[in-house]
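# here is a sequence together with a model predicted from it:
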Amino acid sequence: MKTLSVDGKTVSVESGTMLYDAAVLAGASIPTLCRHEGLPHEGACRVCMVELHRRGTVRLVASCMFPVNEEGLEVRTDTERVRAARNFVIRLLLRRNGDSAAIRRLAAEENVLPDGRLPALEKELCIRCGRCIRACSANGTDALGFALRGWDRKTTPPFGEAAATCVGCLACAEVCPTGHISWEEKDGHRRIWGRDFALVCCEHCGEPFATEEQLAFLRAGHPSDALSPEEERFCPRCRRIRAGQSFTLEEVKDR
Amino acid sequence: MPRSCDTLSAPSCPDLDAILARHPAHPRYLLAALQDIQAAFRHIPREAMVRVAAHMGIPESRVYGVATFYKALSLVPKGRKTVKVCMGTACHLRGAPGVLEALENALGIAPGDTTEDGAFSLETVNCLGACALAPVVMVEDTPYGAMTPARVASMLEKERDHAV
Ligand code: FES
Ligand code: FES
């Protein structure tokens, strides 16, 4: 365990815990955009900056990626400098992504106003946080990546074509903080990243819960990831209910 | 590395297999392999990206990302010679915009494009580090200092002879 102070409060955390998690544990609140609980951290958005006092030096670090590996760190989450850094990033985001409700909400929470001296830019939702790419990579499908660089940088399937290795699982859309990734569903099909996927419906409740391609991908991968033929017939919710029933006393079943 | 071959199948090209064979199957060699492919084919063909990804065991999305990240790599074939017009501060002040305009007119292309006969690609750069010669144009490795719109035609004439 390592002990640190966050805004004057002392907390102890497991070595390797990120500053962000330690700060939240200490009751601080820090805005984030590119951080996602279930994904590797990339430090792409820089809105989670905090002031780190360490061995006599003071600097700003991205709290989502900075591990607590030593005793005695001192963190400040709400100083003049922290607010300036955060607000600067938010102002840039507002300028390019002013249409995003998530960005506008963040700006309102941090009391940041759009910079009126600058002309508005083309409105778009993608903030290049890379969450979708990390999610797709964690799934093993790797259908997305960044292309180009600087201002032109964008998220795209390889070669700018329909995503060949995509299985239509929607993990990318699920983790997107701004709703940039869109898809369509109709007539038993889901369309995303330029491709069509056949939806698989639960035999019990009739809700679509996966795509054919997604199940095939699981079957082809690691055996421990694959669903049994029985499991493939039901949605996760009905699967749990059925599993629950198998533990329940005969008399109360079907109640 | 020869820069003079035209297509994937030109016999003078060290072909893709040879390039891949030179680079160990590890992601660390991705950029080096792409540079060799660019030099041999004057662009990164789609097929080459697919092969590199398979060879190094990395997703195609990563290869595509690297291939589009670097200015030195191009997804469309580059001309046999690249004409770089410096648009840095010194060159800009000494008339680079006029030189660029003359080049665009003479070649009939915009920066980033390649002439139809594949002879020249036109590019702009920000400071070639030869500000004393401003405005500067580089054709491959040859610098042309103190350029003027009037000298564009003779420069291209001279370079075109070499190019064919
Ligand atoms: S949340 Fe830490 S850099 Fe984005
Ligand atoms: S500005 Fe053109 S060489 Fe420096």
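That came in fine, so what should we check first? Ligands and ions are numbered 1, 2, ... in the order given.
# and stretch A:143-156, what's buried?
By 16 or more other Cβ atoms under 10 Å in any protein chain shown, the buried positions in stretch A:143-156 come out as A:143-147, A:153, A:155-156. No exception for glycine: its C-beta is placed from N, CA and C like everyone else's.
# so who does residue 148 touch?
Just going to use chain A. Residues near A:Leu148 by Cβ atoms under 8 Å, 6 or more residues apart in numbering or on different chains: A:154, B:68-69.
# hmm, I had chain B in mind actually
By Cβ under 8 Å, 6+ apart, the residues touching B:Thr148 are B:95, B:98-99.
# SS state for A:Gly244?
Under DSSP: H, G, I helix; E, B strand; the rest coil, the three-state class of A:Gly244 is helix.
# go on, A:Cys172?
Here A:Cys172 is recorded as helix under three-state DSSP.
# and it, how far from B:Cys127?
Distance, A:Cys172 to B:Cys127, by Cβ to Cβ, to the nearest Å: 39 Å.
# quick one on the thing from earlier: for the contacts of B:Thr148, which one is nearest ligand 1?
Set against ligand 1, the nearest of the contacts of B:Thr148 by Cβ to the nearest ligand atom is B:Val99 (43.1 Å).
# so who does the closest one touch?
Applying Cβ under 8 Å, 6+ apart, we find B:Val99 in contact with B:85, B:135, B:137, B:147-149, B:152.
# which one of A:Cys172 and B:Cys127 is surrounded by more residues?
A:Cys172 (25 against 15; other Cβ atoms under 10 Å in any protein chain shown).
# just checking, that one touches A:Arg134?
No. Counting by Cβ atoms under 8 Å, A:Cys172 does not reach A:Arg134; the two are 9.4 Å apart.
# can you give me the neighbour number for B:Tyr70?
Neighbours of B:Tyr70 under the rule other Cβ under 10 Å: 14.
# again but with B:His55, I slipped
Neighbour tally, B:His55, other Cβ under 10 Å: 21.
# if we ignore the residues flanking it in sequence, what's nearest it?
Using Cβ to Cβ, 6 or more residues apart in numbering or on different chains and skipping the chain neighbours, the partner closest in space to B:His55 is B:Leu20 (4.9 Å).
# for the residue of chain B found nearest ligand 2, which non-adjacent residue is spatially closest?
In chain B, the residue found nearest to ligand 2 is B:Gly88; the distance is 2.4 Å by Cβ to the nearest ligand atom. Among residues not flanking B:Gly88 along the chain, B:Cys127 sits closest, at 3.2 Å (Cβ to Cβ, 6+ apart).
# tell me the contacts of the closest residue to ligand 2 within chain A?
The nearest approach of chain A to ligand 2 comes at A:Gly150, 20.2 Å away (Cβ to the nearest ligand atom). By Cβ under 8 Å, 6+ apart, no residues touch A:Gly150.
# could you redo the last one with a cut-off of 10 Å?
Counting by Cβ atoms under 10 Å, 6 or more residues apart in numbering or on different chains, A:Gly150 touches B:Phe69.
# next one: B:Leu31
Contact analysis of B:Leu31 by Cβ under 10 Å, 6+ apart lists B:23, B:66-67, B:69-70, B:72-73.
# spell out the residue ranges of the helices in the stretch 51-200 of chain A.
For the stretch 51-200 of chain A, the helices defined by DSSP state H, counting those that start in this stretch occupy A:80-97, A:101-109, A:131-139, A:171-175.
# CA-only coordinates of stretch B:41-55 in PDB, if you can.
C-alpha atoms of stretch B:41-55 as PDB (Å, rounded to 0.1, in the frame of the first residue of the first chain):
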ATOM      1  CA  PHE B  41       7.000   1.400 -55.500                       C
ATOM      2  CA  ARG B  42       6.900   5.200 -55.000                       C
ATOM      3  CA  HIS B  43       3.800   4.600 -52.900                       C
ATOM      4  CA  ILE B  44       2.300   2.100 -50.500                       C
ATOM      5  CA  PRO B  45       0.000  -0.100 -52.500                       C
ATOM      6  CA  ARG B  46      -3.000  -1.500 -50.600                       C
ATOM      7  CA  GLU B  47      -1.900  -5.000 -51.200                       C
ATOM      8  CA  ALA B  48       1.500  -4.300 -49.700                       C
ATOM      9  CA  MET B  49      -0.200  -3.000 -46.500                       C
ATOM     10  CA  VAL B  50      -2.200  -6.300 -46.300                       C
ATOM     11  CA  ARG B  51       1.000  -8.300 -46.700                       C
ATOM     12  CA  VAL B  52       2.900  -6.300 -44.200                       C
ATOM     13  CA  ALA B  53       0.200  -6.700 -41.600                       C
ATOM     14  CA  ALA B  54       0.100 -10.500 -42.100                       C
ATOM     15  CA  HIS B  55       3.900 -10.700 -42.100                       C
END
